[in-house]
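**Q** could you work out the structure for the sequence below:
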Amino acid sequence: MTTDTLSKTFAALADPTRRDILARLMAGEASVSEISAPFDMTMPAVSKHLKVLENAGLITRGKSAQWRPRKLNAGPMKDISEWLESYRQHWEERLDRFDAYLTDLQKHETFAPDPNQKDIKS
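**A** Model prediction:
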């Protein structure tokens with residue numbers, strides 16, 4: 001996978017309308033009119049969003065007689081997930097080291113009573 005593919009995918013996912021369209025397509029393929037129904041925008045505006053998603057490889061266009069259903073293609077999102085995985089591992093390792101450091105500090109720290117704190121007895 002090239003950076004260009006990642007860039008196209010991230011750019012397509014940056015828009016909330018396009019993310020909503022992808023969420024709708026998770027339920028199954030749909031026509032442009034079915035996809036555009038919940039949005040307060042024109043069909044040409046929805047078509048532009050679909051074109052961006054199609055160019056990024058996130059959806060495909062089928063052909064069944066006069067019907068041109070759009071279908072989710074989650075492959076590029078899997079690529080993003082794999083790309084992000086290395087960063088997740090990096091942060092988990094850093095947090096594990098920080099946790100070990102804090103545990104070590106607690107083992108070696110001696111707690112002396114605070115002279116300014118009043119002794120509270122039940």
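
**Q** in the strand or helix carrying residue 83, what's buried?
**A** Per DSSP states H and E: residue 83 is located in helix 75-108. For helix 75-108, a neighbour-count test (16 or more other Cβ atoms under 10 Å) marks 76-77, 79 as buried. Every residue, glycine included, has its C-beta placed from N, CA and C.

**Q** same deal with stretch 14-21?
**A** 18, 21.

**Q** now it, how far from the chain's geometric center?
**A** Mean C-alpha position of stretch 14-21 versus that of the full chain (Cα atoms, centre = their mean, to the nearest Å) differs by 11 Å.

**Q** cool, and stretch 15-30?
**A** In terms of Cα atoms, centre = their mean, the centre of stretch 15-30 is found 13 Å from the chain centre.

**Q** related to what we said a few turns ago, tabulate the buried residues of helix 75-108 in TSV, adding columns for distance to residue 47.
**A** Below are the buried residues of helix 75-108 laid out as TSV (distance: Cβ to Cβ, whole Å):
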residue	distance to residue 47
76	20
77	22
79	25
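
**Q** could you export those as JSON lines, including pLDDT and distance to residue 91?
**A** Below are the buried residues of helix 75-108 laid out as JSON lines (pLDDT from 0 to 100; distance: Cβ to Cβ, whole Å):
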{"residue": "76", "pLDDT": "91", "distance to residue 91": "23"}
{"residue": "77", "pLDDT": "90", "distance to residue 91": "20"}
{"residue": "79", "pLDDT": "88", "distance to residue 91": "20"}
